[in-house]
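**Q** Sequence plus predicted model, see below.
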Amino acid sequence: MVIGESWAQIGSTIAGLMFALATLQQFFPLQLRVTLEQFVLATLQQFSFVQKFCDKLVNFFSPYITITFPEYSGYWSNQAYTAIETYVGARSTTEASQLKGSLIRNSKALVLTRDDRKVSDEFDGVKVWWVSGSSTSTSSEDKYYQLIFHRRHRDLITGPYLDYVLEEGKAIEARNKQRRLYTNNPSENWSSYKKNLWSDIPFENPATFQTLAMDPKKKEEIINDLVTFSKGKDYYTKLGKPWKRGYLLYGPPGTGKSTMIAAMANLLNYDIYDLELTTVKNNTELRKLLTETSSKSIIVIEDIDCSLDVTGQRNKERAKSSENLGHDLNCKREKESENEKTSKVTLSGLLNFIDGTWSACGTGRILVFTTNHVNKLDPALIRRGRMDLHIELSYCSFEAFKTLARNYLDLDSHDLFENIGILLKETDMTPADVAENLMPKREKKDPDSCLESLIQALEVAKENAKLKADKGKALKVKKEGRTNKFYTGLIKKRWLF
Ligand SMILES: Nc1ncnc2c1ncn2[C@@H]1O[C@H](COP(=O)(O)OP(=O)(O)OP(=O)(O)O)[C@@H](O)[C@H]1O
Ligand SMILES: [Mg+2]
């Protein structure tokens, strides 16, 4: 193994000398240059012959096999090299005395790796060695890793061991990876030579399920569902089902739908693709975008009912309805772009993507739809199998409030909690509004004043709700009175005739 390595070094030194000679020759007269060129070519031929001979000799006497993993294969970076580098680097960093620190792109923290050129490893009682090195070609430095092991263990090492190394390397990479948030670019900006269908930025939303305010039992169920899905690759394969899962999050604005998506990404360490359907012109564009998403990611379509005509006729009726005109801020975007909207993505296009194309390329994908109006969605879109889990996020309950009090004020209990519990039962307030009231207004936290301000806000909300209800009742009575008068009039007229 050592012999093979030193021959490689000798070889690269001679090649370097040849290259230097070839560079120098341009300073010589033409006649001498031709002679030098012939000499260099002849020497190189000799050298490759010598090297081949040496390789054969070494192979004959050495019982070891060497596999080389170059950093690049052609123009493409070799993913095996990256995974091996991570695996070898992470191997017993605690034991190594020499460490190397690097802040790699897409990595969320400083990565410490061993700075040794040779690292030994053991698998099933078999010892192997990893050697890192580089060969300098004319234009670049070609880095590589070599795996050296005894011929006797060829099957074990080239099979299960390498599988294990690649998987482990990728898992370490995923753990260190900085999650990213992707948004789709309008097709006018797509270029044919560069894959720029999506723009991405680091995803830094710190929301977790721990800080998400909702019923603890429901929360537990969702976490279990997500974790089971993320570990279920083999199970899905066994069932013959594509490894994907759909979640429909519905509820009024400010109840934590977007926060839950961030918590999902942070729990599973998945990237998020925020798909803005209004900028997608047709089903073909949609297909292109989705086939460009990576495995183990969350694809989100927010406010699905407002995004496109995926709600069928009902969407148009809703636009006309006075109930929705004016105060449905989430659909404002739709109304603003109503005139210039050119998107022709259809419900069937979206369903095809959920059921077909998308499932066939890439795995471990989660699809999340959010809406404020679940009853306005076409049942075909949200049926089980497409949207597997329907999660309602609703107004703040007492349990949810306790989570918020812990998050914002570090409080587990307080004398005012009881009163708040009663008020929360009597009135509807979103977790976003409760959180806003609990937010300390001064640098120094004052839990009492925050809780009192929440109580005040709850009482105002209760009063407003009561006034609204009374007004509604009065209107109803007035309407009924008018109807009664109308009928009495009719009856009277009948009597007259
Ligand atoms: N359940 C919750 N737990 C913790 N914080 C919440 C919760 N709901 C809302 N919040 C807070 O309120 C803010 C707004 O919530 P979020 O954006 O998740 O609401 P949403 O349901 O997505 O609303 P919309 O329907 O308008 O998109 C969040 O940044 C978060 O601070
Ligand atoms: Mg939202």
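**A** Ah, there it is. Ligands and ions are numbered 1, 2, ... in the order given.

**Q** got the residues of the stretch 201-350 of the chain near ligand 2?
**A** Residues of the stretch 201-350 of the chain that fall close to ligand 2, judged by Cβ under 5 Å from the ion: 257-258. Yep, even glycine has a C-beta here, placed from its N, CA and C like the rest.

**Q** mind running it again at 6 Å?
**A** Residues of the stretch 201-350 of the chain lying near ligand 2 by Cβ under 6 Å from the ion: 257-258, 302.

**Q** Where strands are concerned, which of these count?
**A** If you go by DSSP state E, those have nothing in strands.

**Q** closest point of this structure to ligand 2, which residue?
**A** Closest to ligand 2 within the chain is Ser258: 3.3 Å, counting by Cβ to the ion.

**Q** thought that residue was touching Glu302?
**A** Yes. Counting by Cβ atoms under 8 Å, Ser258 does reach Glu302; the two are 7.0 Å apart.

**Q** and for the two, which residues touch both?
**A** Thr370 (Cβ atoms under 8 Å, 6 or more residues apart in numbering).

**Q** Show me the shaky parts of this structure.
**A** 1-52, 54-61, 74-77, 92-116, 137-141, 192-195, 308-343, 356-362, 443-444, 481-497 (pLDDT under 70).

**Q** Please report phi then psi for whichever residue of the chain sits closest to ligand 1.
**A** Per Cβ to the nearest ligand atom, Gly256 is where the chain lies closest to ligand 1, at 2.7 Å. Torsion angles at Gly256 (phi, psi; degrees, to the nearest 10) stand at phi 110, psi 20.

**Q** How many residues are close by it?
**A** Residues near Gly256, counting by other Cβ atoms under 10 Å, number 23.

**Q** residue contacts, the nearest residue to it once chain neighbours are set aside?
**A** Nearest residue to Gly256 in three dimensions, chain neighbours excluded: Leu393, at 5.1 Å (Cβ to Cβ, 6 or more residues apart in numbering). Leu393 sits next to 214, 249-251, 255-257, 260 when contact means Cβ under 8 Å, 6+ apart.

**Q** can stretch 267-279 be found next to ligand 1?
**A** No. Counting by Cβ under 6 Å from any ligand atom, no contacts exist between stretch 267-279 and ligand 1, the nearest distance being 12.0 Å.

**Q** tally of neighbours for Lys231?
**A** For Lys231, using other Cβ under 10 Å, the count is 11.

**Q** From Ala171, how far off is it?
**A** 12 Å (Cβ to Cβ, to the nearest Å).

**Q** Name all residues that make contact with the residue of the chain closest to ligand 2.
**A** Contacts of Ser258 by Cβ under 8 Å, 6+ apart are 302, 370.

**Q** same thing with Ala265?
**A** So Ala265 contacts 179, 203, 205, 271-272, 298 (Cβ under 8 Å, 6+ apart).

**Q** redo that, cut-off 6 Å
**A** Counting by Cβ atoms under 6 Å, 6 or more residues apart in numbering, Ala265 touches 179, 272, 298.

**Q** So which of those is the closest to Lys445?
**A** Checking the contacts of Ala265 against Lys445 with Cβ to Cβ, the nearest one is Arg179 at 30.1 Å.

**Q** number of nearby residues for Asp388?
**A** By other Cβ under 10 Å, the residues close to Asp388 number 16.

**Q** Just confirm it contacts Leu248, I think it does.
**A** No. Between Asp388 and Leu248 there is no contact under Cβ atoms under 6 Å: 8.7 Å.

**Q** quick one: which of the contacts of Leu393 has the most company?
**A** Leu249 leads the contacts of Leu393 on contacts (other Cβ under 10 Å) with 26 neighbours.

**Q** now that residue: how far from Lys177?
**A** Counting by Cβ to Cβ, the gap from Leu249 to Lys177 is 25 Å.

**Q** What residues sit buried inside stretch 154-173?
**A** 156-157, 161-162, 165-166, 168-170, 172-173 (16 or more other Cβ atoms under 10 Å).

**Q** can you check stretch 82-95 too?
**A** Counting neighbours by 16+ other Cβ under 10 Å, stretch 82-95 gives 82-91 as buried.

**Q** how about the residues you listed in JSON lines, adding secondary structure and distance to Glu452?
**A** Formatted as JSON lines, the buried residues of stretch 82-95 follow (DSSP: H, G, I helix; E, B strand; the rest coil; distance: Cβ to Cβ, whole Å):
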{"residue": "Thr82", "secondary structure": "helix", "distance to Glu452": "56"}
{"residue": "Ala83", "secondary structure": "helix", "distance to Glu452": "56"}
{"residue": "Ile84", "secondary structure": "helix", "distance to Glu452": "60"}
{"residue": "Glu85", "secondary structure": "helix", "distance to Glu452": "57"}
{"residue": "Thr86", "secondary structure": "helix", "distance to Glu452": "53"}
{"residue": "Tyr87", "secondary structure": "helix", "distance to Glu452": "56"}
{"residue": "Val88", "secondary structure": "helix", "distance to Glu452": "59"}
{"residue": "Gly89", "secondary structure": "helix", "distance to Glu452": "54"}
{"residue": "Ala90", "secondary structure": "helix", "distance to Glu452": "52"}
{"residue": "Arg91", "secondary structure": "coil", "distance to Glu452": "57"}
